[in-house]
Each structure stands twice: as structure tokens, then as C-alpha cells.
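>>> Everything below, folded, please.
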Amino acid sequence: MNKTLELREKRAKSWETAKAFLDSKRGNDGIISAEDTATYEKMETDVVALGREIDRLERQAAIDAELSLPVNKPITNAPADTPGKDLTGRASAEYKKAFWNAMRSQKPKYEVIDALQAGSDHEGGYLVPDTFERTLVEALEEKNIFRRLANVITTSSGDRKIPVVASKGNASWVDEEGAIPESDDSFLQVSIGAHKLATMIKVSEELLNDSVFDLENYIAREFARRIGSKEEEAFLLGDGTGKPLGILAATGGGQTGVTTAAAAAITLDEILDLFYSLKAPYRNKAVFVMNDSTVKAIRKLKDSTGQYLWQPSIQAGTPDSILNRPLYTSAYVPVIEAGAKSVVFGDFSYYWVADRQGRVFKRLSELFAVTGQVGFMATQRVDGRVILPEAIKILQHKTA
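Got it, this is the predicted structure:
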């Protein structure tokens, strides 16, 4: 049996056992003894650990599949045909080869510099090749849930003006031959610009000159880890000053759907109120996003039929769910505490992420020469904001 599937079934059985134990130990007042609570939390910890192991195995399988691809593709056409021959600019094989030669070489040859003119950047670096940029975006998606859930667009220059319907017109009953009243839609514009995000890594000259070292894959994944983490934080918590405007921003973010009665707890009714505070058309594609610690608190809640709200996924590639809607976790969503916004529920396609052109790489040959290292700097310009606030609802805790 597939190891991942086996672990998913084991996790589902462990969860059923934990639920049965919790139900059997609840008194008439719904209170569980301290000893039984400790036992349940140990069982719950095992469920969480199995989930993390499943995630690790799935990531490992994805990496193994990528690395098992043949290094060289077999020739399937005439010998005179060259892969990428018909492509131009940053998509051409010539540009990709010149780009990585420039990254590896301290003093690239003139023909390399000439080939890189198609991707020269005003800041002195070079735009990454098209094929590599796609690899980087894929890696970002592994680290950043927003790039899977949000609407990602690419802008060329200047602010992107997005028309949004602020209010809609209505139909009216009119008398025979009566005048039909005007009722127009009103529009407003949401502007998306670009904020600069940058990072830098150092590689030893020995490692850089080692032909066995996969420079492209290393840089892609390391930059993805750093950029993806910072993006996700901004898409949730950003204040719009020098960074994107996050979903949890006080102004311009999602709308508050529910305010809890307690400062440090969540009830079943409050989750249901949050669910139905979102209009039905948005609920069709809505997802829950919260911190892992909040998921732990919600695992003990049951609906009116006695079913637990949290349900583990038993199918690969499918997230866990609450009220039959997908659940995603992010370390940047605040934990349960007074005044915190701990649960987000909505259609994240109404959060727009705007990438400005391509990502730029620059080699820093002299800065770390005394230590025998070479620096690589990556920059990208990106913005993000909620386009339609009513499409995303937030559960906020009572202020103590």
C-alpha cells in the first residue's frame, strides 16, 4: 500500500479513536477531568504528528519526481533542430545558458554579456530566464498558500486600476405606461502598485565552481523559502506601507463577520455565525485559514448532529475541512487571544496579488571576496490587496 495513503488511513482511525475517548469521558456538564484531558491531548498530538509526516512525504515525493527526470531529453526530431531555437528573448535557450554562465563566472565573456541584453534590468541585474522564473513561482506556491488561493496577475508598469462595483441597481414595479426609474450601478477603482522585496544569499567559490552543485535548484528553493514566507506574512498582516495590504488590515482588509463573546475562546455557534456571515455565492469557493493552535481548539467542537467540525483528509492533495470547506493553516494568522483576528473565512480569489514583470538576479562578486564567497541578490516587486471586502469574513475576539 502507498505509504502516504496508509498514514492518512492511520490518522483517520486515530482521530476516530480520540473523538470516541473524548465523548466517553465527558461528564453531564461537558467537563473533562485533568487526567483525561492530558490523555486526549496526547492522542491529538499523535494525529497532528501524522499530518505533518504526511506533508513531509508528499513534499519528498514531489522532489523525488522532479529529480528523477532525465537530465538530457532524447532527440526526437532532426539533428539540426535545437531545443529553444524558435524561442526568443528570455525564453530562449541561448539566454538561459548565458544567464547561468554569468551567475557562475566572475568575469563573463563578451558574448555572454551580449546575449543577456534581452533581460537587462535598470538596477544592474538580469531578469531571470522564463523557464527558471516558472520554477521559482512553483516553489513559491509550496511555501505560500496565497499563491494557490488568491488571484495572481502580472503588471508591466504603473499602478493597475481595477474597477469594482460598489453598489448595484434594482428593478422596480411600475404602472402601465409609467416612467421607469433610473437605477445605475456605481463603480469605484482599487489601485494595485508594486512594493520591492529583496533577499541575498552567499555561496562559497568552491561550491560555485563545482559542476556537480545544482546552483539553479538551490537558488530557486532558497529564494522561494525566504520570499514566500515574507509574502505570506504581508498578504495577511501587511499595513500597505512599503508592503502589500493584508487581509487582516484594520482598513482595507476583510470584513469582521463575528466578534466572540469570550476573549480567549471560540464556540460552535460563533464558527457557524462566521460561516453564514458570508453570502452564499462566496461560500461556494470559500476556505478557512487559521493558525495551527486555533485548529487544535476547534477540534473539540461538534455540530448539532454530533459531528466534529474538523474532519481529516483521507485523500492525497485534499486539505482537511471544517463544515465541508477546505482548511489551510498559516503561522502568520494570530493565535486565540483578546482582540485577535484568529479565523479567516472567505473566497480568496478576491484577494489579488500583482507581480510586476520578472524577478531580478544580481551577482555580487567583490563584496564577499575576502571570505572566498560570492553573493547573489534577488529582488521582486509585488503588491496585494482585498478587492471586494465582503467576500472575506473574519472572526475577531472580544477585547479583554
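>>> ranges for the strands of this structure?
Secondary structure of the chain (DSSP state E): strands at 126-127, 151-155, 160-167, 186-192, 195-204, 255-259, 287-290, 310-311, 321-322, 325-329, 341-346, 351-364, 373-386, 392-396.
>>> Now render the ones you listed as a markdown table, adding mean neighbour count and distance to residue 9.
Heads up, the C-betas are built off the backbone N, CA and C, glycines and all. As requested, these are exported to a markdown table (neighbours: other CB atoms under 10 Å; distance: least, CB to CB, whole Å):
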| stretch | mean neighbour count | distance to residue 9 |
| --- | --- | --- |
| strand 126-127 | 22 | 47 |
| strand 151-155 | 15 | 35 |
| strand 160-167 | 12 | 45 |
| strand 186-192 | 13 | 44 |
| strand 195-204 | 16 | 40 |
| strand 255-259 | 18 | 35 |
| strand 287-290 | 24 | 24 |
| strand 310-311 | 18 | 14 |
| strand 321-322 | 19 | 17 |
| strand 325-329 | 17 | 19 |
| strand 341-346 | 26 | 29 |
| strand 351-364 | 20 | 34 |
| strand 373-386 | 21 | 38 |
| strand 392-396 | 24 | 32 |
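>>> Out of those strands, which gets nearest to residue 36?
strand 310-311 (19.4 Å; CB to CB).
>>> Contacts for that closest one, please.
Strand 310-311 is contacted from outside by 295, 298-299, 301, 320-322, 324, 327, using CB atoms under 8 Å, 6 or more residues apart in numbering.
>>> Closest one of those to residue 373?
residue 295 (41.4 Å).
>>> Now do the contacts for that closest one.
310, 320, 327, 329.
>>> measure stretch 284-296 end to end?
This stretch, stretch 284-296, spans 25 Å end to end (CA to CA, to the nearest Å).
>>> re earlier: with pLDDT and distance to residue 201 added, can I get the contacts of residue 295 in CSV?
Putting the contacts of residue 295 into CSV (pLDDT from 0 to 100; distance: CB to CB, whole Å) gives the following:
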residue, pLDDT, distance to residue 201
310, 90, 38
320, 90, 34
327, 94, 33
329, 92, 27
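>>> Tell me where the model's unsure across the protein.
For the chain, residues meeting the criterion pLDDT under 70 lie at 1, 28-30, 66-91, 97, 100-130, 142-143, 157-158, 162-169, 183-189, 211-213.
>>> Residue 289 and residue 325 touch, don't they?
No: with contact defined as CB atoms under 8 Å, residue 289 does not count as touching residue 325 (10.7 Å).
>>> Overlap of the contact sets of those two?
residue 345.
>>> Residue 45: neighbour count?
Residue 45 has 12 neighbours, counted by other CB atoms under 10 Å.
>>> typo on my end, residue 173
5.
>>> give me phi/psi at it?
phi -80, psi 130 (degrees, to the nearest 10).
>>> one step back: just the closest of the contacts of strand 310-311 to residue 146, please.
For the contacts of strand 310-311, the nearest to residue 146 is residue 327 (15.2 Å; CB to CB).
>>> Just give me the closest of the contacts of strand 310-311 to residue 17.
residue 299 (13.3 Å).
>>> Apart from its chain neighbours, what residue comes closest to that closest one?
Excluding its sequence neighbours, the residue lying closest to residue 299 (CB to CB, 6 or more residues apart in numbering) is residue 310, at 4.8 Å.
>>> Can you name the residues bridging to that neighbour?
residue 322 (DSSP bridges).
>>> any idea how far it lies from residue 295?
7 Å (CB to CB, to the nearest Å).
>>> next one: residue 384
For residue 384, the distance to residue 295 - CB to CB - is 24 Å.
>>> ditto for residue 191
Taking CB to CB, one finds residue 191 at 35 Å from residue 295.
>>> list the contacts for the residue nearest the centre of the chain?
In the chain, the centroid-proximal residue (CA atoms, centre = their mean) is residue 145; its distance is 1.9 Å. For residue 145, the residues meeting the contact criterion (CB under 8 Å, 6+ apart) are 232, 289, 328, 330.
>>> Contacts for stretch 236-245 next, please.
Under CB under 8 Å, 6+ apart, the answer for stretch 236-245 is 195, 231, 234-235, 246-249, 252-253, 330, 332-333, 344, 353, 382-386.
>>> buried set for it?
236-240, 243-245 (16 or more other CB atoms under 10 Å).
>>> all helices of the protein, in order?
All helices of the chain, identified by DSSP state H, fall at 3-25, 34-67, 93-104, 110-115, 130-143, 146-149, 205-208, 215-237, 268-277, 280-283, 292-298.
>>> what about those, which gets the closest to residue 199?
Once the helices of the chain are compared by CB to CB, helix 215-237 is nearest, at 4.5 Å.
>>> what angle sits between the closest one and helix 130-143?
Comparing the axes of helix 215-237 and helix 130-143 via axes from the mean of the first three to the mean of the last three CA atoms, to 10 degrees yields an angle of 50 degrees.
>>> from here on, count from 49
OK, 49 is where the count begins now, so the last one is helix 263-285.
>>> can you give me how far helix 263-285 is from the chain middle?
10 Å (CA atoms, centre = their mean, to the nearest Å).
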